[in-house]
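Enquirer: What follows is a predicted structure for the sequence shown.
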Amino acid sequence: MKVMVIVKATQSSEAGELPSTELLEAMGKYNEELVKAGIMQAGEGLKPSSEGKRVTFSGKDRAVTDGPFAETKELIAGYWMWQVDSMEQAVEWVRKCPNPMPQESDIEIRPLFEIEDFAQNDPDGTIAAHEDGLRQKLAMRSCTVQPYLFFSGRCEEALDFYKEALGATVSYLMRFSESPDPVPDGMLQPGFENKIMHASFSIGKMSLMASDGCGESTTFDGFRLALSVSTEEECNRAFAALADGGTIDMPLVKTFWSPRYGMVTDKFNVGWMVMVAADVQ
């Protein structure tokens, strides 16, 4: 079940008093325990109601009131979203929480409605299907897509090349011989035991992944990596570096979308589009 754990406001939180260093450290350790246990899904502290607004609904009318709001006991100073097995488990975790305020305080636990709770008012499941679609859209908004490049035994050479040519930074590298699980018999081509099983690297703000694969040949057809830089000088340098040992597919030229743009396939057969950002002259 999912619950919201609500930290009720106090006079000190409404006065805008910040928690002490000791309390911040204690809450940080507590949140770490929640994360490790798979309980915590989100959590934030709220600024005092003096910095907030309240919208009152009356039929079609809407009235906006500036904070602060007088009912301190009805206000909240922060919250967590937890995934728990039961209300009893939530209570046990709240009992472990440091007192979030310098004075006596309250933490309230409220279970969230599940779509199944509304089944009697949604007999054909139309509303449930719509809500499920919205949840999927929200989940996909936080996903990432990263290129994963297979170099058929030349991964380490490629990483060294991108370090030199584009200032790539390798953040993780594991060889097949270092795998926690043994590689299945017959999966690797002979001589690939010490090749790269997986690597993560970044070029500028973009994260990529790479591997030698298991020995099968690979191609990089049907896509190119688009590299945008800030100056024409850097564009010329990066293009020339990538073209070293590779093939220039389109020389650098001025286009309507960029003052400098060209296409090159590097010596590992990875295709690139190199350009200067359109708003840079």
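Expert: Yes, it's here. The model shown is predicted, which means the values in this text are computed figures rather than measured ones.

Enquirer: Next, the buried residues of stretch 235-248.
Expert: 235-236, 238-239, 241-243, 246 (16 or more other C-beta atoms under 10 Å). For glycine as for every other residue, the C-beta is placed from the backbone atoms N, C-alpha and C.

Enquirer: Using PDB, write down the CA coordinates of it.
Expert: This file holds the C-alpha atoms of stretch 235-248, laid out as PDB (Å, rounded to 0.1, in the frame of the first residue of the first chain):
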ATOM      1  CA  CYS A 235      33.600  22.300 -34.400                       C
ATOM      2  CA  ASN A 236      36.600  22.200 -36.800                       C
ATOM      3  CA  ARG A 237      38.800  20.500 -34.200                       C
ATOM      4  CA  ALA A 238      36.300  17.900 -33.200                       C
ATOM      5  CA  PHE A 239      35.400  17.100 -36.800                       C
ATOM      6  CA  ALA A 240      39.000  16.700 -37.800                       C
ATOM      7  CA  ALA A 241      39.700  14.500 -34.800                       C
ATOM      8  CA  LEU A 242      36.700  12.200 -35.600                       C
ATOM      9  CA  ALA A 243      37.700  12.100 -39.300                       C
ATOM     10  CA  ASP A 244      41.200  10.900 -38.500                       C
ATOM     11  CA  GLY A 245      41.300   7.400 -39.900                       C
ATOM     12  CA  GLY A 246      37.600   7.700 -40.800                       C
ATOM     13  CA  THR A 247      35.500   9.000 -43.700                       C
ATOM     14  CA  ILE A 248      34.200  12.500 -44.300                       C
END
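
Enquirer: contacts for it?
Expert: 164-166, 227, 229, 252, 260, 262-267, 272, 274-276 (C-beta atoms under 8 Å, 6 or more residues apart in numbering).

Enquirer: Generate a PyMOL selection restricted to the buried subset of these.
Expert: Buried residues among the contacts of stretch 235-248 (16+ other C-beta under 10 Å), as a PyMOL selection:
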select buried, resi 165+166+227+229+252+260+262+263+264+265+266+272+274+275+276
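
Enquirer: Roughly how far does L138 sit from M40?
Expert: 18 Å (C-beta to C-beta, to the nearest Å).

Enquirer: Neighbour count for the two, which is higher?
Expert: M40 (19 against 9; other C-beta atoms under 10 Å).

Enquirer: what residues are up against the more buried one?
Expert: M40 neighbours (C-beta under 8 Å, 6+ apart): 31, 34, 80-82.

Enquirer: Tell me where the protein has helices.
Expert: Along the chain, counting by DSSP state H, helices occupy 11-14, 21-36, 87-95, 126-141, 155-166, 232-243.

Enquirer: before we move on, back to that, and the buried residues of stretch 235-248 as TSV, adding distance to E114 and pLDDT?
Expert: What follows is the buried residues of stretch 235-248, written out as TSV (distance: C-beta to C-beta, whole Å; pLDDT from 0 to 100):
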residue	distance to E114	pLDDT
C235	53	95
N236	58	96
A238	52	96
F239	55	97
A241	55	97
L242	52	97
A243	57	97
G246	55	97
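
Enquirer: Which members of the contacts of stretch 235-248 are positioned in strands?
Expert: Among these, the ones falling in strands (DSSP state E) are 227, 229, 252, 262-265, 272, 274-276.

Enquirer: I'm done for today, thanks for sticking with me.
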